[in-house]
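K.L.:
What follows is a predicted structure for the sequence shown.
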Amino acid sequence: MLEWHRLFGLGLTDYFIDSAFRVELEKDLSQQQQRLDVVIIEQASGGSIPELPDGLENLSRHNLVTYKSLRQPLDAWALDELAGHYVNYRKQSSPLPEALLPVEDFRLYAVCTRMPRKLARTVALERIQKGVYEIPWGGQRIRIIVLSQVPKVKRNALWHLFSGVAEKFQYGASHYRWRRKNHSKLINKLYQRYRVEAIAMPYTWDDFERDNKREVLEQLTPQERLKGLSIEARLKGLPVEARLKGLPVEARLKGLPVEALLKRLPAAEIEAYLKKLHKRKRKSH
């Protein structure tokens, strides 16, 4: 299960690259190495994110995240652990024990692959939006994000990679815009984890490579796409009509025999061109 958590943390690390938040994985909160899955911390500098994944739109200065993968239940004990991590983390991040940072500086998130039905039978989950819930727990409110339920839209592409749903994984793999250049290793490991979990994945590694190339191409300008290509490579596959389109009649006729002229140009264009030549001859005399 540990690899799932690291992959999830690495996904969030990639998402917040160059933003006003940094991500720390497996935060050591005690000498007994009780590790918090992910901490998302606001920074003094960095770019803004136009649209956050569902459930993270209320980020604060310190955001503590516990994550439960496909086979792990999100239960009351998991929420107790998260609340305990919050207490320890707040003490450690405050300047002095008697001068704790304000409660408003902290948010608690429980991200899970599947709906925590057992928890929902004992505690009422307040629905914020599809796949996003909140629950009062101790002195804090914990936001629960169910990855298999969030809408299949581009802003949730990272969530879909961890949704446990083959169709959504395929969507996430083809729509998530990676910030890191070496992301292929991470997505490959994630794909392999699904295979270990016996999740039928019609989406293959070749599919991902193809979709990734298409995504990159869509972001390039026409000039960038053609850079480095020879004239022959640029024209390859283009029909003759497309190659000649936009050229003046003189350029299109140059070097062609009469038979080819009659086949390639409309009669009206040929007639106009001949009249033009006739006028030139008269002027020259």
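P.N.:
Sure, I can see it.
K.L.:
which regions of the protein sit below the pLDDT cut-off?
P.N.:
1-2, 30-33, 200-267, 269-270, 273-274, 277-278, 280-285 (pLDDT under 70).
K.L.:
so where do the helices sit in it?
P.N.:
Shown for the chain, the helices assigned by DSSP state H span residues 2-15, 76-93, 117-122, 157-161, 166-175, 184-196, 205-219, 222-226, 231-235, 240-244, 249-253, 258-264, 267-284.
K.L.:
What residues of the third one count as buried?
P.N.:
Okay, so that is helix 117-122. By 16 or more other Cβ atoms under 10 Å, the buried positions in helix 117-122 come out as Leu119. Backbone N, C-alpha and C define where each C-beta goes, glycine included.
K.L.:
CA atoms only: put it into CSV for me.
P.N.:
Extracted in CSV, the C-alpha atoms of helix 117-122 (Å, rounded to 0.1, in the frame of the first residue of the first chain):
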residue,chain,number,x,y,z
ARG,A,117,-19.9,3.6,3.2
LYS,A,118,-19.2,2.1,6.6
LEU,A,119,-18.3,5.6,7.9
ALA,A,120,-21.3,7.1,6.3
ARG,A,121,-23.6,4.7,8.2
THR,A,122,-22.4,6.0,11.5
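K.L.:
who's in contact with it?
P.N.:
Pro73, Leu74, Asp75, Ala76, Leu79, Leu125 (Cβ atoms under 8 Å, 6 or more residues apart in numbering).
K.L.:
What subset of the residues you listed is buried?
P.N.:
Here, 16+ other Cβ under 10 Å leaves Leu74, Leu79 buried among these.
K.L.:
List just the nearest of the contacts of helix 117-122 to Arg180.
P.N.:
Leu74 (28.3 Å; Cβ to Cβ).
K.L.:
Next, count neighbours for Gln149.
P.N.:
20 (other Cβ atoms under 10 Å).
K.L.:
Against Pro136, how distant is it?
P.N.:
21 Å (Cβ to Cβ, to the nearest Å).
K.L.:
hmm, back to that, which one of the contacts of helix 117-122 is nearest to Glu167?
P.N.:
Among the contacts of helix 117-122, Leu74 lies closest to Glu167 (Cβ to Cβ), at 22.6 Å.
K.L.:
What are the contacting residues of stretch 22-39?
P.N.:
Here stretch 22-39 has contacts from 5-6, 8-10, 12-13, 16, 40-41, 43, 62-67, 82, 84-85, 88-89, 92, using Cβ under 8 Å, 6+ apart.
K.L.:
Neighbours of the closest residue to Pro151 other than its chain neighbours, how many?
P.N.:
The shortest distance from Pro151 to any non-neighbouring residue, by Cβ to Cβ, 6 or more residues apart in numbering, is to Lys130 (5.7 Å). Neighbours of Lys130 under the rule other Cβ under 10 Å: 10.
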